[in-house]
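Engineer: sequence plus the predicted model coming up.
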Amino acid sequence: MRPTLEFSSRYGRALTVAAGVVALVALVSVGVQDGLGEVVRALPLAGVVVLGIWVLFWRPAVVVSDGGVLVRNPLRSTHVPWPTYRGLTVQWSLVLHTTEGDLTAWAAPRSSGTAARMRRGGDDDGVVTPTKDARLPGTAEDVAAAIGDRHRALSDAGFLRGAEQARTAGGIRPERHWHVATIAALLVLVAAAAAVLATA
């Protein structure tokens, strides 16, 4: 069994931590100047900002494993089992082609032209494959290479032999799940922030 690779944004994690620190400093400042009551009123707005940044920049990821590809977007995750995988393209971001249509990965944007030129000018021409489970930063090109490498390895080892028949017989399809708790938390915080602003 090969390692599970999770591709997500280091920049997104750093941005989320920075937003959390700024929100905390702002709340402490409000508390010192205006008292605890104003801190309570400011909490929903701070919560919306921090949770929104976490949803958009920290949480999204693409996870490549022997069982398939998990695309975790801000509000919905989709697990693509290998029998339902039909290829990929790199447009503005990574796009997976499945038996039920195309799926865009929020966490895998295409690298800039400058980054691509720098990569071509470097000595590292191959894809580095970790020997254990890992969280990696990655562009659409990096994630595409990892997905292609894993699919080829499973095919060459014979694990995907008869995948089409298994998909048809077993009704295998991409599994989609809304992030219900996250959506509910955002809605509650937005409503609370709106109520606070309306009474300001």
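Structural biologist: Nice, I can see it.
Engineer: now do the helix or strand harbouring residue 149: distance to the chain's middle.
Structural biologist: Counting by DSSP states H and E, the secondary-structure element that holds residue 149 is helix 140-156. On the basis of Cα atoms, centre = their mean, to the nearest Å, the separation between the geometric centre of helix 140-156 and that of its chain is 18 Å.
Engineer: try stretch 192-200
Structural biologist: The gap between where stretch 192-200 is centred and where its chain is centred comes out at 31 Å by Cα atoms, centre = their mean.
Engineer: residues of that stretch that come out buried?
Structural biologist: Buried residues in stretch 192-200, counting neighbours by 16 or more other Cβ atoms under 10 Å, are found at 192, 193. Where C-beta positions appear, they are placed from N, C-alpha and C, glycine not excepted.
Engineer: just the residues contacting it, thanks.
Structural biologist: Counting by Cβ atoms under 8 Å, 6 or more residues apart in numbering, stretch 192-200 makes contact with 41, 42, 44, 45, 47, 48, all of which sit outside it.
Engineer: among these, which ones are in helices?
Structural biologist: Secondary structure from DSSP state H places 41, 42, 44, 45, 47, 48 of the contacts of stretch 192-200 in helices.
Engineer: dump those residues into CSV; add distance to residue 199 and neighbour count as well.
Structural biologist: As requested, the ones in helices among the contacts of stretch 192-200 are exported to CSV (distance: Cβ to Cβ, whole Å; neighbours: other Cβ atoms under 10 Å):
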residue, distance to residue 199, neighbour count
41, 8, 18
42, 13, 19
44, 12, 19
45, 13, 19
47, 17, 18
48, 16, 20
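Engineer: and those residues, which is closest to residue 103?
Structural biologist: The shortest distance between residue 103 and any of those, using Cβ to Cβ, involves residue 48 and amounts to 27.7 Å.
Engineer: in the helix holding residue 149, what's buried?
Structural biologist: By 16+ other Cβ under 10 Å, the buried positions in helix 140-156 come out as 140, 141, 142, 143, 144, 145, 146, 147, 149, 150, 151, 154.
Engineer: likewise for stretch 153-170?
Structural biologist: Using 16+ other Cβ under 10 Å as the test for burial, stretch 153-170 gives 154, 160, 163, 167.
Engineer: now those as JSON lines including distance to residue 61 and secondary structure?
Structural biologist: Shown next, in JSON lines, are the buried residues of stretch 153-170 (distance: Cβ to Cβ, whole Å; DSSP: H, G, I helix; E, B strand; the rest coil):
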{"residue": "154", "distance to residue 61": "21", "secondary structure": "helix"}
{"residue": "160", "distance to residue 61": "24", "secondary structure": "coil"}
{"residue": "163", "distance to residue 61": "25", "secondary structure": "helix"}
{"residue": "167", "distance to residue 61": "25", "secondary structure": "helix"}
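Engineer: among these, show me the least confident.
Structural biologist: In this model, the minimum pLDDT among the buried residues of stretch 153-170 belongs to residue 163 (88).
Engineer: confirm for me that that one is in contact with residue 99.
Structural biologist: No. Contact criterion Cβ atoms under 8 Å: residue 163 and residue 99 do not qualify, at 10.8 Å.
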